[in-house]
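In: Just the structure for this:
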Amino acid sequence: MTKQIELIEVGPRDGLQNEPSLITSEDKVTLVNLLSEAGFSTIEVTSFVSPKWVPQLADAHQVMTQINRKEAIRYIVLTPNQRGYDGAIAADADEIAIFAAATETFSQKNINCSIEESLARFEPVLAQARARNLPVRGYISCVVGCPYEGDVAPEAVTYIADWMLARGCYEISLGDTIGCGTPQTISALLDRLTADIPAKLLAGHYHDTNGRAIENVMTSINFGLRRFDSAIAGLGGCPFAPGAKGNVSTNALHDALSEAGWHTGLDTDRLSDAAEFISRLVTPR
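Out: Residues are numbered from 1 along each chain as shown. As a prediction, the model looks like this:
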C-alpha cells in the first residue's frame, strides 16, 4: 500500500503576509495558478483581514476572484472575524480557516483580544459555516513556544483544539509559529493531544527558524499525522512573531518525504516552476 502524505500549500497567504515588498495582485494570481498545476488538493490563497494590520493581503477579494480554479482543489482563506467571513463568502471560498493562539500575549499582539474573546468571535462564524456546510479548519498558533511567554504547556493547546473540534472544525493545524519546536517538544505536545484527539484530526504547521521543521514533520508522522502545511520556496514569517522565519519549504519537504518512501502526489517540476517564479519577486532572506 502506498504511504500517502498530503501537503497543504500555504505560501500565497502565510508565505506572503510578512513580505515587506508589495507583491501585485497579478503576481499572486500567477503564483496560485502555478501551484494549481502541481497536484495540491488544498491551497490557502489569502486572508480577509484588515489591510491596516496586513497590507500585503488587502487585495484578497481580487485575488480570489481572478485565480483559475480547478474542481479538484479546495481554495481556502483565513477569516479572523465576521467581516472576514463575509468577505470569504463574497469571494466564493471553498473553505475557511479560523485561528487562535495558545498564549494570551500572542493573542493580544496578533488579533488584539484575549483567547476567550477570540473564541467568542468565532462562535457565530462557525454557526454560519455549519449552516452552509462550509468546511472550517482551525489553526492554533504558538503550540510549543511563544515569542513573549516562552514555553507553552500542551494543555493550553488541547483546550483550544477541543473547543474548535466541538464546534465543527474538521481539522486542527498545529502552528509552531516561531519555529522553536524540536522532536522532543513536538513529541510531548502530540503525546498529550493524541491521548484525546484522533491523529487524523490533526495537521502540522511548522516554521523552519531553527532548521528543525522537517525533523518535526517526521516525528509527527510517527504519531499518525498525515497532513502538513508547507510554503513554496520556504516563504513565510509572522508580522507579530519577531524573528520567526518561513514555513517549511514545500519543495524540501516533498523531497525529504519522497526519499523516506512517502508519496505526496505533487509534481516536482511544477513545484520548481512556482518556486522560481516567486523567488524572483520576494525580498531575499
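In: now the strands for the stretch 1-150 of the chain?
Out: 6-9, 42-47, 74-78, 95-101, 136-141, 145-146, 150-151 (DSSP state E, counting those that start in this stretch).
In: Can you lay out those strands as JSON lines showing distance to residue 226, mean pLDDT and mean neighbour count?
Out: For every residue, glycine as well, the C-beta is placed using N, CA and C. Shown next, in JSON lines, are these (distance: least, C-beta to C-beta, whole Å; pLDDT from 0 to 100; neighbours: other C-beta atoms under 10 Å):
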{"stretch": "strand 6-9", "distance to residue 226": "6", "mean pLDDT": "98", "mean neighbour count": "24"}
{"stretch": "strand 42-47", "distance to residue 226": "13", "mean pLDDT": "97", "mean neighbour count": "26"}
{"stretch": "strand 74-78", "distance to residue 226": "17", "mean pLDDT": "97", "mean neighbour count": "24"}
{"stretch": "strand 95-101", "distance to residue 226": "18", "mean pLDDT": "95", "mean neighbour count": "24"}
{"stretch": "strand 136-141", "distance to residue 226": "15", "mean pLDDT": "97", "mean neighbour count": "25"}
{"stretch": "strand 145-146", "distance to residue 226": "24", "mean pLDDT": "94", "mean neighbour count": "22"}
{"stretch": "strand 150-151", "distance to residue 226": "27", "mean pLDDT": "95", "mean neighbour count": "10"}
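In: Those: which one's closest to residue 255?
Out: For residue 255, the closest of the strands of the stretch 1-150 of the chain is strand 6-9, at 11.6 Å, according to C-beta to C-beta.
In: which strands and helices sit next to that closest one?
Out: Here strand 6-9 touches strand 42-47, strand 227-230, helix 250-259, going by 3 or more C-beta pairs under 8 Å, 6 or more residues apart in numbering; DSSP states H and E.
In: buried stuff in the longest one?
Out: This points to helix 250-259. Neighbour-count burial for helix 250-259 flags 250-254, 256-257 (criterion: 16 or more other C-beta atoms under 10 Å).
In: swap in stretch 171-188?
Out: 171-182, 185-187.
In: cool, stretch 120-138 as well?
Out: So, applying 16+ other C-beta under 10 Å, buried residues of stretch 120-138: 121-122, 125-126, 128-129, 134-138.
In: now do stretch 103-119
Out: Within stretch 103-119, the residues scored as buried using 16+ other C-beta under 10 Å are 103-104, 106-111, 113, 115, 118-119.
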